[in-house]
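**Student:** model the following, please.
(chains A, B, C and D)
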There are 2 protein chains.
Amino acid sequence: MQSIEKMEGGAKRVAPGMSVRERLLDAAEALFADHGFHGAPMREITSKAGTRLANINDHFGSKEALFQEVIARRARLINADRLALLASLPRSRGKAAELQSLVEAFASPLLERSLQGAEWRNYLRLLAQLTNTRSHVLLLIADEFNPIGEIFIDRIGKILPHLTRRQKLNAYQLMVSSAMAIFADTGRIDVLSGGLEQSSDFSNHYKDMVCFVVGGILQLGRQ
Amino acid sequence: MQSIEKMEGGAKRVAPGMSVRERLLDAAEALFADHGFHGAPMREITSKAGTRLANINDHFGSKEALFQEVIARRARLINADRLALLASLPRSRGKAAELQSLVEAFASPLLERSLQGAEWRNYLRLLAQLTNTRSHVLLLIADEFNPIGEIFIDRIGKILPHLTRRQKLNAYQLMVSSAMAIFADTGRIDVLSGGLEQSSDFSNHYKDMVCFVVGGILQLGRQ
DNA sequence: GTCTATAGCTTGATAGAC
DNA sequence: GTCTATCAAGCTATAGAC
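**Tutor:** You can find the predicted model right below:
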């Protein structure tokens, strides 16, 4: 039988010019994304970061605190990106166009950041995994992203005022999960297409996803 | 700091009338859904099942083989449900109506089964978690669900023939992730609504989701 | 701040009696 | 088929030198 999780090498993969702290965060991010919190031993993290086992507790206090900081570090940047786009939304060009701008205010920071480097792509894979998870991990994500989530829910209601509260919440929930599905980079697209399409071809999948989400929310408003 | 994962009790929660094998599968299903493969120790599983530690290796050979059977057991039933619905699809009532029937052939078995009992809801939570995961776990899911996934992709192409191959794959991918988002039961809806709506109110969320997915795929066909 | 060494516990798997 | 008892290896966290 095939092993469910096997570490694929990984010592000293992180650029040595960075601080120990940053290297630990990057290494942990990649391994949490690949194997989950419980599937990524501290020894693997420090080995990949090119540091020593004790450095995690020296810098963060515990493995859990490291995980928490992995999530929070880039969440701050995503939130800032989204707030900036929300503040400069164009108006009054019809429901479809307004909705598209709103969906892009949510999702385009993910695309832009994903093109900046492998670290961001690891982070988005990790977020995608956590999106469908409950237990205490979700509370962590919630604290980081929900305040701005409320703003998006409000804006959906401004564009389609007759949506029920439940429909607005589901519109947001489905926008989140659609965006995350694109950046989860599971390889499903590769397998289903026999290698002709790549999950990691984010730019093209992004366009399809925005179109899909806009159409989906408009349809929610029609019935 | 709050603990990321803590087992919440759990001894002998499974009905004692069933075989040891079934009780182990049900207990493992619930704990894998709550904590992931690595976060669910065999001791917790056997404790919840009301059996002994050695029973897992006695019956399945390893923890991994147990996990594999947890996935496969109900996948067979879901696939049979979907095939039956695909075989009796109504035709020629316009693209939107045909698409809605197709989406419901995919998703209504999930709703029906979720209403049958907590075990099915645990299974769907587990599937939802694995949907955005790669590594070797995805290959397991792929083997179980991809053959019938191909059929759905074909049918999407029959209804909207001018979609590109990539658009058809993304339509399927986004239908899968939308459906899984509803049954992931993360509690996000509860938190965002301040408790006024429940994530576990599957029947209502299901209707919103089908509407959203139909609208999304139609929109993909428009551009 | 960084290191080595190790404590103290939990893990998955198995040997062998019944 | 089911049990008890146990093993060897893995884990996180920490003590204490530099």
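**Student:** could you chop chain A up by domain?
**Tutor:** Chain A is divided into the following domains under automatic domain parsing: A:1-61, A:73-222.
**Student:** quick one: closest of the ones you listed to DNA strand D.
**Tutor:** DNA strand D lies closest to domain A:1-61 among those, at 3.0 Å (CB to the nearest atom of the strand). (C-beta placed from N, C-alpha, C; glycine too.)
**Student:** gap between the closest one and the chain center?
**Tutor:** How far domain A:1-61 lies from its chain's middle: 19 Å, per CA atoms, centre = their mean, to the nearest Å.
**Student:** check whether stretch A:45-57 contacts DNA strand D.
**Tutor:** Yes - residues of stretch A:45-57 contacting DNA strand D under CB under 7 Å from any atom of the strand: A:53-54, A:56-57.
**Student:** SS state for A:Ser92?
**Tutor:** Secondary structure for A:Ser92, judged by DSSP: H, G, I helix; E, B strand; the rest coil, is coil.
**Student:** check contacts around the nearest residue to it once chain neighbours are set aside.
**Tutor:** Counting by CB to CB, 6 or more residues apart in numbering or on different chains, A:Ser92 lies nearest to A:Glu98, which is 7.6 Å off, once chain neighbours are set aside. Contact partners of A:Glu98, counting by CB atoms under 8 Å, 6 or more residues apart in numbering or on different chains, are A:89-92, A:159.
**Student:** list buried residues within those residues.
**Tutor:** With neighbours counted by 16 or more other CB atoms under 10 Å in any protein chain shown, the contacts of A:Glu98 contain buried members at A:Ile159.
**Student:** picking that back up, helices - which of the residues of stretch A:45-57 next to DNA strand D land there?
**Tutor:** Taking DSSP state H as the definition of helices, those contribute A:54, A:56-57.
**Student:** where along chain A do the helices fall?
**Tutor:** Going by DSSP H, chain A shows helices at A:20-35, A:42-49, A:54-60, A:63-87, A:95-114, A:118-131, A:135-159, A:165-183, A:188-192, A:202-222.
**Student:** can you redo those helices as CSV with distance to B:Leu110 and mean pLDDT?
**Tutor:** Shown next, in CSV, are these (distance: least, CB to CB, whole Å; pLDDT from 0 to 100):
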stretch, distance to B:Leu110, mean pLDDT
helix A:20-35, 27, 98
helix A:42-49, 36, 98
helix A:54-60, 39, 98
helix A:63-87, 29, 98
helix A:95-114, 25, 98
helix A:118-131, 18, 97
helix A:135-159, 21, 94
helix A:165-183, 15, 98
helix A:188-192, 18, 95
helix A:202-222, 18, 98
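**Student:** pipe those helices into CSV and attach distance to B:Arg166 per row.
**Tutor:** Putting these into CSV (distance: least, CB to CB, whole Å) gives the following:
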stretch, distance to B:Arg166
helix A:20-35, 24
helix A:42-49, 34
helix A:54-60, 41
helix A:63-87, 26
helix A:95-114, 16
helix A:118-131, 19
helix A:135-159, 27
helix A:165-183, 12
helix A:188-192, 8
helix A:202-222, 6
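**Student:** measure the nearest residue to A:Ala107 once chain neighbours are set aside to B:Gly149 for me?
**Tutor:** Nearest in space to A:Ala107, with sequence neighbours left out and distances taken as CB to CB, 6+ apart, is A:Ala179 at 4.6 Å. For A:Ala179, the distance to B:Gly149 (CB to CB, to the nearest Å) stands at 21 Å.
**Student:** how about A:Ala72?
**Tutor:** To B:Gly149, A:Ala72 is 36 Å away according to CB to CB.
**Student:** ok, those two, which is more surrounded?
**Tutor:** Per other CB atoms under 10 Å in any protein chain shown, whichever of A:Ala72 and B:Gly149 has more neighbours is B:Gly149, with 21 against 13.
**Student:** in this structure that one contacts A:Ser193, no?
**Tutor:** No - contact criterion CB atoms under 8 Å: B:Gly149 and A:Ser193 do not qualify, at 11.4 Å.
**Student:** run a quick neighbour tally on A:Gln223.
**Tutor:** There are 9 residues near A:Gln223, going by other CB under 10 Å.
**Student:** now do the contacts for it.
**Tutor:** Contacts of A:Gln223 by CB under 8 Å, 6+ apart are B:Cys211.
**Student:** pLDDT at it, what is it?
**Tutor:** For A:Gln223, the model assigns a pLDDT of 83.
**Student:** from DNA strand C, how far out is it?
**Tutor:** When distance is defined by CB to the nearest atom of the strand, to the nearest Å, A:Gln223 is 47 Å away from DNA strand C.
**Student:** check A:Ala54 too.
**Tutor:** In terms of CB to the nearest atom of the strand, A:Ala54 sits 3 Å off from DNA strand C.
**Student:** give the burial count for that residue, as a bare number.
**Tutor:** For A:Ala54, using other CB under 10 Å, the count is 10.
**Student:** what's near enough to touch it?
**Tutor:** A:Ala54 neighbours (CB under 8 Å, 6+ apart): none.
**Student:** any idea how far A:Ala65 is from DNA strand C?
**Tutor:** For A:Ala65 relative to DNA strand C (CB to the nearest atom of the strand), the value is 14 Å.
**Student:** same check on A:Ala80?
**Tutor:** 26 Å.
**Student:** picking that back up, what's near enough to touch the residue nearest to A:Ala107?
**Tutor:** Neighbouring residues of A:Ala179 by CB under 8 Å, 6+ apart: A:106-107, A:110, A:209, A:213.
**Student:** ok, A:Arg43 next?
**Tutor:** By CB under 8 Å, 6+ apart, A:Arg43 lies in contact with A:Leu53.
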